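1. I would like to see how this sequence folds:
(one chain, ligands or ions: 1)
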Amino acid sequence: MPAPRLYVDSADVDAVSPLLSGSLVHGVTTNPTILERAGRTVADIPELYARWAGEGAREIFFQAWGDDEAALERRAREILALGELAVVKVPATRVGFGVAARLAREGAPVLLTAVFTPAQALAAASCGIRYIAAYLGRMRDAGFDAVGDIARMQAACGDSATEVLAASLRTPDDIVALAEAGVPTFTAAPDVLWAAIAHPATDDAAAVFEASPSLAS
Ligand code: E4P
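-> Got it, this is the predicted structure:
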């Protein structure tokens with residue numbers, strides 16, 4: 001299994017910056033809802049890309065939008081034209097699948113998002129799409145065996161070039177459960193990532209070290 005990679009799922013620049021500048025995450029993922037939550041719109045995409053590229057992101061994900069295939073593909077290509085760190089997200093609808101498959105065939109970095117079933121994962125792998133985003137929390141809310149189904153997605157991708165990027169992760173344990181099932185990549189909100197990185201017991205241990213008389217010079 002490849003080394004795990006964490007991404008931050010947010011467009012709140014103040015929350016993303018410390019994670020990027022500390023090299024704690026590999027990159028940033030967004031979608032239209034995440035932009036909205038941060039008080040942003042698609043007009044801010046070029047600015048956000050430039051900022052996060054400058055802060056050391058290795059991949060930056062923005063989602064294409066549009067009512068029809070032509071509009072979706074045009075936006076997807078505009079996102080890819082931002083630069084070599086850009087990965088375009090496309091919803092795994094019928095129309096989105098077509099756009100994603102065509103771009104993947106050209107070698108473009110594409111993430112198929114809102115993937116809910118192992119069959120969708122298998123189809124994405126057969127199209128050579130680089131990532132699929134599986135929504136753990138939303139799957140669980142809908143009554144799926146979410147960890148089991150995402151493990152089946154991982155198995156369906158097998159040795160293909162397609163990686164499962166788990167999303168809708170609500171606790172550090174969600175991340176660990178999926179890692180145990182062989183999933184390599186994860187995107188989560190800043191608070192979930194900080195909860196995964198730090199623990200009060202670690203802080204207590206560090207405070208005891210700092211208070212040690214042995215540090216007196
Ligand atoms: C991924 O693109 C989504 O941002 C995400 O993780 C959605 O999940 P949530 O709405 O359950 O947080």
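
2. Buried residues, whatever helix or strand residue 194 lives in. List them.
-> Residue 194 belongs to helix 190-197 when assigned by DSSP states H and E. Neighbour counts over helix 190-197 (16 or more other C-beta atoms under 10 Å) mark 190, 192-193, 195-196 as buried. All C-beta spots, glycine's among them, are computed from the backbone N, C-alpha and C.

3. who's in contact with that helix?
-> Counting by C-beta atoms under 8 Å, 6 or more residues apart in numbering, helix 190-197 makes contact with 6, 8, 10, 12, 15-16, 19, 24-25, 169-172, 174-175, 188, all of which sit outside it.

4. what is the mean pLDDT for that helix?
-> For helix 190-197, mean pLDDT rounds to 96.

5. Can I get it in PDB, CA atoms only?
-> Taking C-alpha atoms only, helix 190-197 is exported to PDB below (Å, rounded to 0.1, in the frame of the first residue of the first chain):
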ATOM      1  CA  PRO A 190      -9.200  21.400   9.300                       C
ATOM      2  CA  ASP A 191     -10.700  20.500  12.700                       C
ATOM      3  CA  VAL A 192     -10.700  16.800  11.900                       C
ATOM      4  CA  LEU A 193      -7.100  17.000  10.700                       C
ATOM      5  CA  TRP A 194      -6.000  18.800  13.800                       C
ATOM      6  CA  ALA A 195      -7.800  16.300  16.000                       C
ATOM      7  CA  ALA A 196      -5.900  13.500  14.100                       C
ATOM      8  CA  ILE A 197      -2.600  15.200  14.500                       C
END
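
6. so after that helix, what's the next helix or strand?
-> Following helix 190-197 in sequence, per DSSP H and E, is helix 200-210.

7. Quick check, residue 150 in contact with residue 133.
-> No. With contacts counted by C-beta atoms under 8 Å, residue 150 stays clear of residue 133, the gap being 10.6 Å.

8. Mind listing the shared neighbours of these two?
-> residue 166.

9. more neighbours, those two?
-> residue 150 (27 against 24; other C-beta atoms under 10 Å).

10. Show me what the one helix or strand the more buried one maps to is packed against.
-> Using DSSP H and E, residue 150 falls within helix 146-157. Applying 3 or more C-beta pairs under 8 Å, 6 or more residues apart in numbering; DSSP states H and E, one finds that helix 146-157 contacts helix 118-126, strand 131-135, helix 136-141, strand 163-169, helix 172-180.

11. Tell me which of these lies nearest to the ligand.
-> The ligand lies closest to strand 163-169 among the helices and strands packed on helix 146-157, at 3.2 Å (C-beta to the nearest ligand atom).

12. Is that closest one in proximity to the ligand?
-> Yes. Strand 163-169 is in contact with the ligand by C-beta under 6 Å from any ligand atom, via 167-168.

13. Check which residues of the helix holding residue 150 are buried.
-> Applying 16+ other C-beta under 10 Å to helix 146-157 flags 146-147, 149-154, 156-157 as buried.

14. Out of those residues, the closest to residue 115 would be?
-> Comparing these against residue 115 with C-beta to C-beta places residue 153 closest, at 6.9 Å.

15. if I look at that closest one, how far off is residue 175?
-> Computed as C-beta to C-beta, to the nearest Å, the residue 153 to residue 175 distance reads 16 Å.

16. again, but for residue 48
-> 24 Å.
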